[in-house]
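Chemist: Build me a structure from this.
(chains A and B)
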Amino acid sequence: MPHTITDEIIEYIGILAKLELSDTEKAQAKKDIATMLDYIDRLNELDTEDIEPLSHIFPVTNVFREDTHADSDAIGTDGSGTAAKESVREQMLRNAPTVESGMLKVPNTVEQEGT
Amino acid sequence: MSMTEQTEILNLTAVELSSKIKAKEIAVKEAVEAVFSEVDKREKDLHCYITLDKEAALQQAEQIQAKINARELNGPLAGVPAAVKDNLCTADMRTTCASRMLDHFVPSYSSEAVLNLQRAGVVILGKTNMDEFAMGSTTETSAYGITRNPWNTEHVPGGSSGGSAAAVAAKECYFALGSDTGGSVRQPASYCGVVGMKPTYGTVSRYGLVAYASSFDQIGPIAGNVTDCAAILETITSHDKKDSTSIDRQSIHLSDAYGSAGRGNIDKGNTDGRTDFTSALIEDVNGIRIGIPKSFFTEGLNNEVKETVLAVAEKLRQAGAVVEEFDLTCAGQGDIRDIYTEYAVPAYYTIACAEASSNLERFDGIKYGYRTADYDGLHSLYKKTRSEGFGAEVKRRIMLGSFVLSSGYYDAYYLKALKTKALIKRAFDEAFTRYDIILGPTAPTTAPKLGESLTEPLKMYLSDIYTIGANLAGLPAISVPCGTDSKGLPIGMQLMADCFQEKTLIQAAYTYEQLRSSIR
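Modeler: Just a heads-up that it's a prediction; the model follows:
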């Protein structure tokens, strides 16, 4: 049976995906997702009753290591590249949208009591 | 330097150029300048690059030349100018993933594959155009404009590594790195008449590759011929502790560690995981067993592509290979003769979108990248940043991925796709007990015209039908040019081998390339 994506489902997907869609985008998304789900439904023709889901091609297990830390500036870039002109901290802050006093500036994440 | 000298330099392959550089016949600087003279001529029309840095390239050339002169660098790629897809991090060079989201992002470190190239004395020229976050098959979803196919500028170069493939075809670099999640190295290589290769999953470190679908993503070379490809792959292959899925191919006995996947081509003696890929550049396919999946040659495949690829099979048969048709099937599926054609694409897109929705959560406007100008609180910042920063195709995949992972739908879609992946892997395992190589087309058609693909996403997804199998099953695969169609556009054929059997793959591809006349 062809899929119908309701307004509720699109709203829910918007919350999960953290996307804010215009009405035109919503209408297009409903159509696109329904088309893809109709197409994906053909997987139901396969008998997967006793099949284990395969997430990794090789039987690898978790790779553990000691939780050590190192000075990222000491690791630096490889000798074959140009020498770092600034510290990694400075480079990272340069990529940040807003910075204050050498730190990332972000909006309030927790409301203060009484404000 | 005269025009003729420059043309002569540009006509060399990467390995040939490096030999002449090491023999002091050509200076690294001359090679860099020859490439930039070609860039000046063609880049305006083609737009292969998002970022190009001539000054930095000339600086690298000087340093590398000094090391070559001091005999500190003597590898097969020393001194060769190359390009890197813009989803591979490069320290001090902007890395955008062809997205507004990362417009001004300058990484503080380089990806391991790029470092491996730099250690080998490769000059990094710049960063190539691609589909936004590698999501697309035409390079038309880039936020920085389209790339045109050097063979015919009315056509797409393929994607998502379209800029890399076009730059190699146009001689705007000697080779390039791409990334391949569902065919993104092989398909553009096929459309642009160059060689593209995806190694076994885990062979090249993904450290510093901006993730799309982590269980499929592999970095691979795009080059003018098989020899260059083998040399590049040998150079970028490494076991990297910074990537937990990176495989230590040198020290393990693969058939013990990885079960049937490491079984491989016992007749040819390639049972170990050694990565001396250039040692397989041997012209010999005598006794190699080549399987042709019947379903690869049925509906949906362009007739000219079909005839040209079947002619490759015939050529290899004449050279001593054993060629046979077969069904990519597995037991227990009733009347279903072919497990691949109908089910690989839906399984692939379900898994790829699911992983993408998770991987791209990091782009939230907090630590780096784009941030919306106006917002009201944290959640508004997230939503507006992502809605403005991502393009339509990226949003489409994130939404589908979020849906198939959501509670109530997870089992029906995501888990079902992972089970289908297991069945497809089983079908390949079965096939590789009988064949060393699987041969088929790389793509169902030659390069489509610009603007024709994006209107119908499902149609675009189907253009990946022959390439996604290697990603679903982790296999190595290579696309080699094998002719042109009546419009003069290149046709590519694809060879696949069992996991860790790159050497068999390279040997077969190299042999075909020696038998083939130039396609230009």
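
Chemist: which stretches of chain A form helices?
Modeler: A:7-17, A:23-40, A:72-75, A:88-94 (DSSP state H).

Chemist: I'd like the average pLDDT over the shortest one.
Modeler: Helix A:72-75 shows a mean pLDDT of 60 in the predicted model.

Chemist: Likewise for the second one?
Modeler: Throughout helix A:23-40, pLDDT has a mean value of 95.

Chemist: residues of that helix that come out buried?
Modeler: In terms of neighbour count (16 or more other Cβ atoms under 10 Å in any protein chain shown), helix A:23-40 has its buried residues at A:Glu25, A:Lys26, A:Ala29, A:Lys30, A:Asp32, A:Ile33, A:Thr35, A:Met36, A:Leu37, A:Tyr39, A:Ile40. Every residue, glycine included, has its C-beta placed from N, CA and C.

Chemist: export that helix as PDB, just CAs?
Modeler: Presented in PDB, the C-alpha positions along helix A:23-40 are these (Å, rounded to 0.1, in the frame of the first residue of the first chain):
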ATOM      1  CA  ASP A  23       5.500  24.900   3.900                       C
ATOM      2  CA  THR A  24       6.800  24.300   0.300                       C
ATOM      3  CA  GLU A  25       9.700  22.200   1.800                       C
ATOM      4  CA  LYS A  26       7.200  20.200   3.900                       C
ATOM      5  CA  ALA A  27       5.000  19.400   0.900                       C
ATOM      6  CA  GLN A  28       8.100  18.300  -1.100                       C
ATOM      7  CA  ALA A  29       9.400  16.200   1.800                       C
ATOM      8  CA  LYS A  30       6.100  14.400   2.300                       C
ATOM      9  CA  LYS A  31       6.200  13.400  -1.400                       C
ATOM     10  CA  ASP A  32       9.900  12.500  -1.400                       C
ATOM     11  CA  ILE A  33       9.800  10.400   1.800                       C
ATOM     12  CA  ALA A  34       6.600   8.600   0.700                       C
ATOM     13  CA  THR A  35       8.200   7.700  -2.700                       C
ATOM     14  CA  MET A  36      11.300   6.400  -1.000                       C
ATOM     15  CA  LEU A  37       9.400   4.400   1.600                       C
ATOM     16  CA  ASP A  38       7.200   2.800  -1.200                       C
ATOM     17  CA  TYR A  39      10.500   1.900  -2.900                       C
ATOM     18  CA  ILE A  40      12.200   0.500   0.300                       C
END
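
Chemist: Report the inter-axis angle for that helix versus helix A:7-17.
Modeler: Helix A:23-40 and helix A:7-17 are oriented at 90 degrees to each other (axes from the mean of the first three to the mean of the last three Cα atoms, to 10 degrees).

Chemist: quick revisit: could you dump the helices of chain A to a markdown table with distance to B:Tyr144?
Modeler: Shown next, in a markdown table, are those (distance: least, Cβ to Cβ, whole Å):
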| stretch | distance to B:Tyr144 |
| --- | --- |
| helix A:7-17 | 24 |
| helix A:23-40 | 22 |
| helix A:72-75 | 30 |
| helix A:88-94 | 21 |
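
Chemist: Those: which one's closest to B:Thr203?
Modeler: Closest of these to B:Thr203 is helix A:72-75, at 24.1 Å (criterion: Cβ to Cβ).

Chemist: so what's B:Thr203 up against?
Modeler: B:Thr203 makes contacts with B:Gln218, B:Leu233, B:Thr237, B:Ile247, B:Arg249, B:Thr275, B:Pro476, B:Glu502, as judged by Cβ atoms under 8 Å, 6 or more residues apart in numbering or on different chains.

Chemist: ok, which of those also contact chain A?
Modeler: With Cβ under 8 Å from any Cβ of the partner chain as the criterion, the contacts of B:Thr203 include B:Ile247 near chain A.

Chemist: In helices only, show me the contacts of B:Thr203.
Modeler: For the contacts of B:Thr203, membership in helices holds for B:Leu233, B:Glu502, with DSSP H as the criterion.

Chemist: By neighbour count, which of the contacts of B:Thr203 wins?
Modeler: The most neighbours of any of those, using other Cβ atoms under 10 Å in any protein chain shown, belong to B:Glu502, which has 29 neighbours.

Chemist: Leaving out the residues flanking it, which one is nearest to it?
Modeler: B:Pro476 (4.7 Å; Cβ to Cβ, 6 or more residues apart in numbering or on different chains).

Chemist: sorry, back to before: among the contacts of B:Thr203, which one sits closest to chain A?
Modeler: B:Ile247 (7.3 Å; Cβ to the nearest Cβ).

Chemist: Name all residues that make contact with that closest one.
Modeler: Counting by Cβ under 8 Å, 6+ apart, B:Ile247 touches A:Phe58, B:Thr200, B:Gly202, B:Thr203, B:His239, B:Gly273.

Chemist: Now name the helix or strand holding the second one.
Modeler: It refers to B:Thr200. For B:Thr200, there is no enclosing helix or strand under DSSP states H and E.

Chemist: Contact partners for it?
Modeler: Counting by Cβ under 8 Å, 6+ apart, B:Thr200 has contacts B:Gln218, B:Ile247, B:Gly474, B:Leu475, B:Pro476, B:Cys499, B:Phe500, B:Gln501, B:Glu502.

Chemist: hmm, 10 Å instead?
Modeler: Residues counted as contacts of B:Thr200 (Cβ atoms under 10 Å, 6 or more residues apart in numbering or on different chains) are A:57-58, B:218, B:237, B:247, B:249, B:254, B:258, B:261-262, B:273, B:275, B:470, B:473-477, B:497-502, B:505.

Chemist: Run through the strands of the stretch 101-250 of chain B in chain order.
Modeler: B:123-128, B:175-180, B:195-198, B:218-223 (DSSP state E, counting those that start in this stretch).

Chemist: just checking, what packs against the shortest one?
Modeler: For strand B:195-198, the helices and strands in contact under the criterion 3 or more Cβ pairs under 10 Å, 6 or more residues apart in numbering or on different chains; DSSP states H and E are helix B:162-169, strand B:175-180, helix B:186-191, strand B:218-223, helix B:226-236, strand B:477-484, strand B:490-497, helix B:502-515.

Chemist: Give the residue spans of chain A that score low on pLDDT.
Modeler: A:60, A:72-85, A:114-115 (pLDDT under 70).

Chemist: measure the spatially most central residue of chain B to chain A for me?
Modeler: Among the residues of chain B, the one closest to the centroid is B:Val185, at 2.1 Å (Cα atoms, centre = their mean). Separation of B:Val185 from chain A (Cβ to the nearest Cβ, to the nearest Å) stands at 18 Å.

Chemist: Let me see the contact set for that residue.
Modeler: B:85, B:158, B:160-161, B:164-165, B:176-179, B:195-199, B:218-222, B:467, B:477-479.

Chemist: Check the offset of the helix or strand encompassing B:Glu324 from the chain's centre.
Modeler: Secondary structure assigned from DSSP H and E places B:Glu324 in strand B:322-326. Remark: strand B:322-326 is offset 27 Å from the chain centroid, using Cα atoms, centre = their mean, to the nearest Å.

Chemist: Please see if the following helix or strand past that strand touches chain A.
Modeler: Remark: after strand B:322-326, the chain's next helix or strand is helix B:344-359, criterion DSSP H and E. Yes - counting by Cβ under 10 Å from any Cβ of the partner chain, chain A has neighbours in helix B:344-359: B:Val345, B:Pro346, B:Ala347, B:Tyr349, B:Thr350, B:Ile351, B:Cys353, B:Glu355, B:Ser357.
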